[in-house]
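Participant: after the sequence you'll find the predicted model.
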Amino acid sequence: MVSYDIEKESLEIGLIGLGDMGQLYANRIVAAGWKKVNICDQPNQYEKFKELFKDCGMNVCRDGHAVSRRSDFIIYSVEAENIDRVVAEYGPSTKLGAIVAGQTSVKEPEIRAFEKHLPDDVHIVSCHSLHGPTVDSEGQPLVMIQHRASKEKFEIALRILSCMDSEVVKLSYKEHDRITADTQAVTHVAFLSMGTAWKTQRQFPWETPQYVGGIENVKVHMALRIYSNKWHVYAGLAIMNPSAKTQIQQYAQSVSDLFKLMIQEKEKEFKSRVKKAGEFVFGECSDSREPILLSDTLLDKYSLSIVPKDKRKPNSHLSLLAMVDCWYTLGINPYEHMVCQTPLFRLWTGITEYLFRNAEMLEEAIHSALYSKDIRADDMEFYSASKGWAECVNIGNMHAYQKRFEDTAKFFESRYSEEETSLLVCCYVVTKLEER
Ligand SMILES: NC(=O)C1=CN([C@@H]2O[C@H](COP(=O)(O)OP(=O)(O)OC[C@H]3O[C@@H](n4cnc5c(N)ncnc54)[C@H](OP(=O)(O)O)[C@@H]3O)[C@@H](O)[C@H]2O)C=CC1
Ligand SMILES: O=C(O)C(=O)Cc1ccc(O)cc1
């Protein structure tokens, strides 16, 4: 075996796609001492990136052909919806015996593209960092998939990506998609639906008495965070993941079932359904259920709300009750998925756990779900938004997804400029919560 130092001098690493994730990877790889790094974005971006990376010690190439022909390890870091087209174009230029990986958030279409367009003499090892580009990758999960590769080639890939200082999780691409459908796709739909419901009501949650303190902070911050990101990341991992449709469909169904019981004030049935689901998800004490235990002080500390705490009104937490109902119906134990947690999923599960472990709070939520007329409008909009998102994913139309996403993002954007501090607080809070 060549020594690690010699490998760092001689082995050529390629990155195709210089968006947020591509740049994060390129910078980490170079910082770890790899000397030959070839990078490119679209050919029409060549001059821009040549200038941008002129002092970074990387070889900026005009296109993916140039990167593919000379690199021993290549990562495609492009939009999931473009992966087939981009691999079809550059894949045939891959160097003999090279290792090819992808960074898309959904693996089925990526692996299909690799199998279809890459020469047989090329190894396929895929990867997925389970965090966004602004989160420190240290200690975060990094999924590694040894799909069509020798042990020796897989180990090279592991050595290169050890520069991320992440926790490596070895999975098959099918396992990856099944788990992330739950940890990512469903979580996003819940927050996207909150955002859409607020937008439909033309309501900024930090000005509303139902959204004061504790777990409400997390809901508001996380929803804003998603809407300030790129739509294609969320659209790709929901629409292109074959497992995501079922899970998202069930989440919307759980919202709908619970909402129907609420408006009919069927207390006994509603309570027993919520309790049974809660018992399934949070009841047993086993090794796989190590609690997250978010603290009150932490949750209360970074509030965006301008409403005083004593003016707060109880909330039904329909979004959280439905999440637990959905897990129960599909037989999912979210703690088993913590190996693939994203910061968002951990917080989402954390606030759900917080509600279900606090008997008084859960009783209050159940009571207000059934009898508090004040929040019916919010719950009705949430029900209709979750149905809309589930239908959009089910139909699988990327343009419809983009339009829905951007319409809501625009509503919040108008406030970002007026209340710049809100956004800063939002970013700060997320970082603090993620540090836990
Ligand atoms: N953002 C996130 O939080 C995470 C994203 N991911 C995944 O990583 C991938 C990249 O995401 P991200 O970096 O955020 O997205 P970006 O949109 O920032 O980056 C994608 C880049 O790929 C470029 N690209 C498209 N086609 C080509 C081509 N033919 N040749 C070269 N470059 C091309 C795009 O150029 P142009 O803009 O001109 O189209 C763009 O610069 C996605 O699949 C995403 O799902 C994974 C983990 C986290
Ligand atoms: O935490 C989340 O779910 C995010 O929103 C960030 C994110 C988005 C896409 C990924 O593939 C991985 C992480």
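Facilitator: Noted; the coordinates are in hand. A quick note: this is a predicted structure, and the numbers were derived from the prediction, not measured. Ligands and ions are numbered 1, 2, ... in the order given.
Participant: give me every residue that touches Met144.
Facilitator: 125-127, 154, 157-158, 161, 168-171 (Cβ atoms under 8 Å, 6 or more residues apart in numbering). (C-beta placed from N, C-alpha, C; glycine too.)
Participant: rerun at 6 Å
Facilitator: 127, 168, 170 (Cβ atoms under 6 Å, 6 or more residues apart in numbering).
Participant: please apply the same query to Glu290.
Facilitator: By Cβ under 6 Å, 6+ apart, the contact set of Glu290 is empty.
Participant: now do the SS call for the closest residue to ligand 1 within the stretch 151-300 of the chain.
Facilitator: Residue nearest to ligand 1 within the stretch 151-300 of the chain (Cβ to the nearest ligand atom): Val233, separated by 4.5 Å. Counting by DSSP: H, G, I helix; E, B strand; the rest coil, the backbone at Val233 sits in helix.
Participant: residues from this protein in reach of ligand 1?
Facilitator: 16-22, 40-42, 64, 77-80, 82, 86, 103-105, 129, 132-133, 230, 233, 236 (Cβ under 6 Å from any ligand atom).
Participant: switch the cut-off to 5 Å
Facilitator: Contact residues (Cβ under 5 Å from any ligand atom) of the chain with ligand 1: 17, 19-21, 41-42, 77-78, 80, 82, 86, 103-105, 132, 233.
Participant: among those residues, name the buried ones.
Facilitator: Buried by 16 or more other Cβ atoms under 10 Å: 17, 19, 21, 41-42, 77-78, 80, 82, 86, 103-105, 132, 233, out of the residues of the chain next to ligand 1.
Participant: so who does the most centrally placed residue in the chain touch?
Facilitator: In the chain, the centroid-proximal residue (Cα atoms, centre = their mean) is Gln184; its distance is 4.5 Å. The contact partners of Gln184, by Cβ under 6 Å, 6+ apart, come to Leu237.
Participant: where in the stretch 201-350 of the chain is pLDDT low?
Facilitator: Scanning the stretch 201-350 of the chain for pLDDT under 70 picks out the ranges 210-213, 284-287, 298, 300-309, 311-312.
Participant: could I get the full set of helices for it?
Facilitator: 214-227, 231-239, 242-263, 267-278, 296-301, 318-330, 343-357 (DSSP state H, counting those that start in this stretch).
Participant: which stretches of the stretch 1-150 of the chain form helices?
Facilitator: Under DSSP H, counting those that start in this stretch, the stretch 1-150 of the chain gives helices at 4-10, 20-31, 46-52, 64-70, 83-90, 107-117.
Participant: angle of the longest one against helix 231-239?
Facilitator: Translated: helix 20-31. 100 degrees (axes from the mean of the first three to the mean of the last three Cα atoms, to 10 degrees).
Participant: gap between helix 20-31 and the chain center?
Facilitator: Distance of helix 20-31 from the chain centroid (Cα atoms, centre = their mean, to the nearest Å) equals 19 Å.
Participant: one more: the first one?
Facilitator: With Cα atoms, centre = their mean as the basis, the distance from the averaged C-alpha position of helix 4-10 to the chain average is 34 Å.
Participant: now do the buried residues in stretch 230-247.
Facilitator: Quick answer for stretch 230-247 (16+ other Cβ under 10 Å): 231-241, 243-245, 247.
Participant: what's in contact with it?
Facilitator: With Cβ under 6 Å, 6+ apart, stretch 230-247 has contacts from 79-81, 105-106, 108-109, 177-178, 181-182, 184-186, 188, 393-394, 396, 398, 401-402, 405.
Participant: which of these are buried? Put it as a PyMOL command.
Facilitator: Burial among those is assessed by 16+ other Cβ under 10 Å; the matching PyMOL selection reads:
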select buried, resi 79+80+81+105+106+108+109+177+178+181+182+184+185+186+188+393+394+398+401+405
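Participant: so where's the stretch 1-150 of the chain uncertain?
Facilitator: 1-2.
Participant: got the domain ranges for this structure?
Facilitator: 2-171, 177-435 (automatic domain parsing).
Participant: does the longest one reach ligand 2?
Facilitator: It refers to domain 177-435. Yes - for domain 177-435, a contact with ligand 2 is found by Cβ under 5 Å from any ligand atom, at 184, 233, 342, 344.
Participant: for the shortest one, same thing?
Facilitator: Yes - counting by Cβ under 5 Å from any ligand atom, contacts between domain 2-171 and ligand 2 involve 105, 132.
Participant: for that domain, what is the distance to the chain centroid?
Facilitator: 20 Å.
Participant: before we move on, back to that, dump the helices of the stretch 201-350 of the chain into a markdown table; add distance to Ala377 as well.
Facilitator: Listed next are those as a markdown table, based on distance: least, Cβ to Cβ, whole Å:
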| stretch | distance to Ala377 |
| --- | --- |
| helix 214-227 | 17 |
| helix 231-239 | 26 |
| helix 242-263 | 12 |
| helix 267-278 | 19 |
| helix 296-301 | 25 |
| helix 318-330 | 12 |
| helix 343-357 | 21 |
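Participant: please name the nearest non-neighbouring residue to the closest residue to ligand 1 within the chain.
Facilitator: Nearest residue of the chain to ligand 1, counting by Cβ to the nearest ligand atom: Gly19, 1.7 Å away. In space, and not counting its chain neighbours, Gly19 is closest to Ser77: 6.7 Å by Cβ to Cβ, 6 or more residues apart in numbering.
Participant: hmm, that neighbour is touching Gln23, no?
Facilitator: No - assessed by Cβ atoms under 6 Å, Ser77 is found out of contact with Gln23, at 8.6 Å.
Participant: for the residue of the stretch 101-250 of the chain found nearest ligand 2, which non-adjacent residue is closest in space?
Facilitator: Residue nearest to ligand 2 within the stretch 101-250 of the chain: Ser105 (3.1 Å; Cβ to the nearest ligand atom). Nearest residue to Ser105, sequence neighbours excluded (Cβ to Cβ, 6+ apart): Leu237, at 4.1 Å.
Participant: right, and Leu347 touches Val218 too?
Facilitator: Yes - taking contacts as Cβ under 6 Å, Leu347 lies within contact range of Val218: 5.4 Å.
Participant: how many residues are close by Ser228?
Facilitator: 14 (other Cβ atoms under 10 Å).
Participant: same question for Lys266.
Facilitator: Using other Cβ under 10 Å, Lys266 has 14 other residues around it.
Participant: contacts only, for Asp374.
Facilitator: Asp374 touches Lys313, counting by Cβ under 6 Å, 6+ apart.
Participant: in three-state terms, label it for me.
Facilitator: Classification of Asp374 using three-state DSSP returns helix.
Participant: what distance do you get for the closest residue to Gly278 other than its chain neighbours to Val186?
Facilitator: Of all residues not flanking Gly278 in the chain, Phe356 sits nearest, at 4.7 Å (Cβ to Cβ, 6+ apart). As judged by Cβ to Cβ, to the nearest Å, Phe356 and Val186 stand 17 Å apart.
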